[in-house]
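Trainee: turn this into a model:
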Amino acid sequence: MNLAKHLSDTIAAISTPRGKAALAIIRVSGSDTFEIIKNIVSPPLHSQTVFNKLYRATFHDNGQLLDDGMFCLFKAPKSYTGEDMAELYCHGNDFIVSQVLEVLLKHCRLADKGEFTYRAFLNKKIDLTQAEAIGNLLNADTKNAQNIALSQLQGRLYQKIKALLDRITDLRILFELAIDFSEDEVPEYRPELILKKIDDILNDLKSLIDTGHEGIIINEGIKVCLTGAPNVGKSSIFNALLQTERAIITDIPGTTRDYLEESICLDGNKIRLFDTAGIQETDDTIEKIGIERSKKLLDEADFVLYISDPSIDENVEKYILNSLPVEKVIKVLNKADLLNNCRERIYPFRSKCRERIYPFRIIPDDFILCSTIQNDGLNLLKQSLLSLFKNIDTELESGIISNARQLACVKNSFTSLTKAKEAFLKELGIDFIAFDIQQSSNALEEIIGKITPEDVLTKIFEDFCIGK
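Mentor: Reported below is the predicted structural model:
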């Protein structure tokens, strides 16, 4: 798909989901829009037809009645796409809507994915951060993700990037003046002042990078993998957190051969849960593949829920825990109902002064005790998961980054400006410094779409649905 081609075409598409509903919307955009609409609506359009107003009408195909609905016309540039545009409101029946669309497609072509929004971007109705925000808003499944998307849609990230670009441009102009004139003739060309300007911009870029990581987590969710030995109840914990029987549970070790993925929302935060195959030595080829996939997921996870139970051999537990990154691990002891007959041993002079003793092993206090049978400890586990978000400072009101593309651009800008600073300190020459500053500016301009490559634009908009 190349959205840049055939931009002079008039396009049409259904903009509402398929299925039965109260109504369905068909969009048309392009220079021939009004002529096409004139041919299918009754009463016909006339010179007194008002834009941005709903009209009751019937839709026809060469005199054959298709539907009784409404339509609205939008005159360029005061439309979503910035072009002449129309919306037809039909009864929400796939059979009817498809007939109306077929009539329209006799005179125009079907829109590509995201093409309406792409045209809005090209016609400067929105910048690229707002275009991405529209896609994020369509996919938002938590309150915080919705807030980030709305913040971007209102232009807050654009304003922050634009302010940074203005400061970088001022810096670049300073060096370019120094190229054309002697340094003594440029009043603000003083080393201490230049270094402060660079450091201030670098600090703001660093802040944008830090909050960008947080924005991506809020938008995409924290990735949490459940792991442990077979048959400790990983799938039971997984189902309990989801509050549904998603994973198959049996007493047979190794029931889970491949991973399962589901998402939950806790207090407006998205958590992506992965139930993985139990880690053990095995000769089963399929189970081996599942374990290898589990290990790969564990490496990629933001956090790991290590699930154990009172009967697990301590050597087995030590083997598994040693293979996990300590800073990511949350330890959970499932089947805690089996501890009813345990006793406590108290060590008054040890940092962990109390240990619970089960006939098979000692249970340290750094485990969260859970019982899916008695429904105990799950709220404590959920609070522990929520604590993963405690250090996230969303700064929603000021606009934050929300995807990997934007974050990569800011990192590139930071790297280039750092090079400019190093070149300045080493007195490598004003030409080199100005070049690195320009590269820093170019990277930020990619975020708002000022100089974004065509293949990147295509990738962004092809993730939209047809009709948006």
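Trainee: where along the stretch 201-350 of the chain do the strands fall?
Mentor: Chain-ordered strands for the stretch 201-350 of the chain, with DSSP state E, counting those that start in this stretch as the definition, fall at 222-227, 260-266, 269-275, 303-308, 329-333, 343-346.
Trainee: quick one: end-to-end length of stretch 296-312, please.
Mentor: Across stretch 296-312, the terminal residues are separated by 24 Å (CA to CA, to the nearest Å).
Trainee: before we move on, the earlier item: as JSON lines, the strands of the stretch 201-350 of the chain with mean pLDDT and distance to residue 84 would be great.
Mentor: The way it works is simple: take the backbone N, C-alpha and C, and place the C-beta from them, glycine included. Formatted as JSON lines, the strands of the stretch 201-350 of the chain follow (pLDDT from 0 to 100; distance: least, CB to CB, whole Å):
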{"stretch": "strand 222-227", "mean pLDDT": "90", "distance to residue 84": "45"}
{"stretch": "strand 260-266", "mean pLDDT": "86", "distance to residue 84": "41"}
{"stretch": "strand 269-275", "mean pLDDT": "88", "distance to residue 84": "40"}
{"stretch": "strand 303-308", "mean pLDDT": "89", "distance to residue 84": "51"}
{"stretch": "strand 329-333", "mean pLDDT": "89", "distance to residue 84": "57"}
{"stretch": "strand 343-346", "mean pLDDT": "44", "distance to residue 84": "78"}
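Trainee: now do the strand or helix carrying residue 411: distance to the chain's middle.
Mentor: According to DSSP states H and E, residue 411 maps onto helix 404-425. How far helix 404-425 lies from its chain's middle: 23 Å, per CA atoms, centre = their mean, to the nearest Å.
Trainee: which of the residues in it are classified as buried?
Mentor: With burial defined by 16 or more other CB atoms under 10 Å, the residues of helix 404-425 counted as buried are 405-407, 409-414, 416-417, 419-421, 423-424.
Trainee: now do stretch 213-226
Mentor: Under the neighbour-count criterion of 16+ other CB under 10 Å, stretch 213-226 has 214-226 buried.
Trainee: wait, which of the strands of the stretch 201-350 of the chain is closest to residue 137?
Mentor: Of all these, the one in closest proximity to residue 137, counting by CB to CB, is strand 269-275 (14.7 Å).
Trainee: the closest one vs strand 260-266, what angle?
Mentor: Relative orientation of strand 269-275 and strand 260-266, computed by axes from the mean of the first three to the mean of the last three CA atoms, to 10 degrees: 150 degrees.
Trainee: list the contacts of strand 269-275.
Mentor: Applying CB atoms under 8 Å, 6 or more residues apart in numbering, the set of residues contacting strand 269-275 from outside is 141-142, 144-145, 218, 220-226, 234-235, 238, 241-242, 246-247, 256, 259-265, 297, 301, 385-386, 388-389.
Trainee: please redo it, this time with the cut-off set to 7 Å
Mentor: Strand 269-275 has contacts (CB atoms under 7 Å, 6 or more residues apart in numbering) with 141-142, 144-145, 221-226, 234-235, 238, 241, 247, 256, 259-264, 297, 385-386, 389.
Trainee: with stretch 423-439 instead?
Mentor: With CB under 7 Å, 6+ apart as the test, stretch 423-439 has contacts from 168, 171, 172, 175, 176, 178, 179, 194, 416, 417, 419, 420.
Trainee: rewinding a little: quick check: next helix or strand after the helix holding residue 411?
Mentor: Downstream of helix 404-425, the first helix or strand assigned by DSSP H and E is helix 430-448.
Trainee: give the buried residues for that following helix.
Mentor: The neighbour-count check on helix 430-448 (16+ other CB under 10 Å) flags 430, 432-448 as buried.
Trainee: again with stretch 158-174
Mentor: Applying 16+ other CB under 10 Å to stretch 158-174 flags 158, 160, 161, 162, 164, 165, 167, 168, 171, 172, 174 as buried.
Trainee: chain center to stretch 49-64, what's the gap?
Mentor: 39 Å.
Trainee: now swap in stretch 218-225 and tell me
Mentor: Taking mean C-alpha positions (CA atoms, centre = their mean), stretch 218-225 and its chain are 10 Å apart.
Trainee: gap between the two ends of it?
Mentor: 17 Å.
Trainee: so how far is residue 423 from the residue nearest to residue 413 when sequence neighbours are not counted?
Mentor: Among residues not flanking residue 413 along the chain, residue 443 sits closest, at 3.9 Å (CB to CB, 6 or more residues apart in numbering). To residue 423, residue 443 is 17 Å away according to CB to CB, to the nearest Å.
Trainee: what's the answer for residue 30, then?
Mentor: As judged by CB to CB, residue 30 and residue 423 stand 49 Å apart.
Trainee: could you do residue 432 as well?
Mentor: Plainly put, residue 432 is 5 Å away from residue 423 if you go by CB to CB.
Trainee: again with residue 150
Mentor: 40 Å.
Trainee: break the chain down into its domains, please.
Mentor: Here the domain parsing of the chain from automatic domain parsing is 11-125, 137-217+396-448, 221-369.
Trainee: for the ones you listed, which one sits closest to residue 465?
Mentor: If you check each of those against residue 465 by CB to CB, domain 11-125 wins as the nearest, at 6.4 Å.
Trainee: can you give me the end-to-end distance of the closest one?
Mentor: End-to-end distance for domain 11-125: 18 Å, by CA to CA.
Trainee: make 10 the starting number, not 1.
Mentor: Yep, numbering from 10; the last one is domain 20-134 now.
Trainee: quick one: that domain to chain centroid distance?
Mentor: Taking the mean of its C-alpha atoms, domain 20-134 sits 31 Å from the chain's own mean (CA atoms, centre = their mean).
Trainee: before we move on, what about stretch 456-464?
Mentor: Mean-position distance between stretch 456-464 and its chain equals 19 Å (CA atoms, centre = their mean).
Trainee: avg pLDDT for that stretch?
Mentor: Averaged across stretch 456-464, pLDDT comes to 85.
Trainee: next, count neighbours for residue 208.
Mentor: When neighbours are counted by other CB atoms under 10 Å, residue 208 registers 12.
Trainee: swap that for residue 19, please
Mentor: Neighbours around residue 19, by other CB under 10 Å: 21.
Trainee: distance check, residue 314 against residue 23.
Mentor: Going from residue 314 to residue 23 by CB to CB gives 43 Å.
Trainee: who's more crowded, the two?
Mentor: Neighbour count, other CB under 10 Å: between residue 314 and residue 23, residue 314 has more, with 27 against 22.
Trainee: residues contacting the closest residue to that one other than its chain neighbours?
Mentor: Nearest residue to residue 314, sequence neighbours excluded (CB to CB, 6+ apart): residue 235, at 4.7 Å. Residues near residue 235 by CB under 7 Å, 6+ apart: 243, 246, 247, 282, 283, 284, 285, 314, 316.
Trainee: residue 77 too?
Mentor: For residue 77, the contact set (CB under 7 Å, 6+ apart) comprises residue 67.
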